[in-house]
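# fold the following.
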Amino acid sequence: MALQNRSAYQSYQRNKYETASPHRLTLMLYNGAVQFATRAEQAIQEGNVKDTNTFIQKTQDIVYELLSSLNEREGGELARNLKNIYLYIVEQLVQANVKKEQGYVAEVIVLLKELQSAWEQIGKEVSLGQA
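Alright, predicted model coming up:
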């Protein structure tokens, strides 16, 4: 019975991502990046090198996914600006991982939360426009 429950939960989780709108998927990526960056910051505070590396790499993976989803041709200046922000975030994460300094991750968290908030606001405005 437990195996069936786990299988159903896994199907639910997979379906959640497969049926999400592009806007929702991007918001999920921002949420994940903030969570992993926060865990990396905590790992640095605790002096846990292994977890610091793991969570920084997970954050980087998400930022690379956000970067790869940009369409500079259609997105124009906004996409170019986001690309520069994402590349800056990756550089800060590299520095955090090399130097194990919390300040780099703290700055990344601020940037990610600002992007996350802006993306949430866009979603609200789009929903209101469709109502």
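
# I'd say Val49 and Val98 touch.
No - using C-beta atoms under 8 Å, Val49 is not in contact with Val98; the gap is 11.4 Å. Placement of C-beta: from N, CA and C, glycine included.

# what sits closest to Thr52 if chain neighbours are left out?
Nearest residue to Thr52, sequence neighbours excluded (C-beta to C-beta, 6 or more residues apart in numbering): Ala43, at 4.1 Å.

# now swap in Gly75 and tell me
Nearest one to Gly75, counting by C-beta to C-beta, 6+ apart, is Leu82 at 7.5 Å.

# which helix or strand contains the one you found?
Assigned by DSSP states H and E, Leu82 belongs to helix 72-99.

# buried ones in that helix?
Within helix 72-99, the residues that qualify as buried are Leu82, Ile85, Tyr86, Ile89, Val90, Gln92, Leu93, Gln95, Ala96, Asn97, counting by 16 or more other C-beta atoms under 10 Å.

# what does stretch 23-36 give?
Buried residues in stretch 23-36 (16+ other C-beta under 10 Å): Thr26, Leu27, Leu29, Tyr30, Gly32, Ala33, Val34, Gln35, Phe36.

# centre of the chain to that stretch, how far?
4 Å (C-alpha atoms, centre = their mean, to the nearest Å).

# state the mean pLDDT of that stretch.
Taken as a whole, stretch 23-36 has a mean pLDDT of 95.

# ok, residues contacting it?
17, 20, 55-56, 58-59, 62-63, 65-66, 69, 109, 112-113, 115-116, 119-120, 122-123, 126 (C-beta atoms under 8 Å, 6 or more residues apart in numbering).

# which PyMOL command selects the buried ones in those residues?
Buried subset of the contacts of stretch 23-36, written as a PyMOL selection, criterion 16+ other C-beta under 10 Å:
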select buried, resi 55+56+58+59+62+63+66+109+112+115+116+119
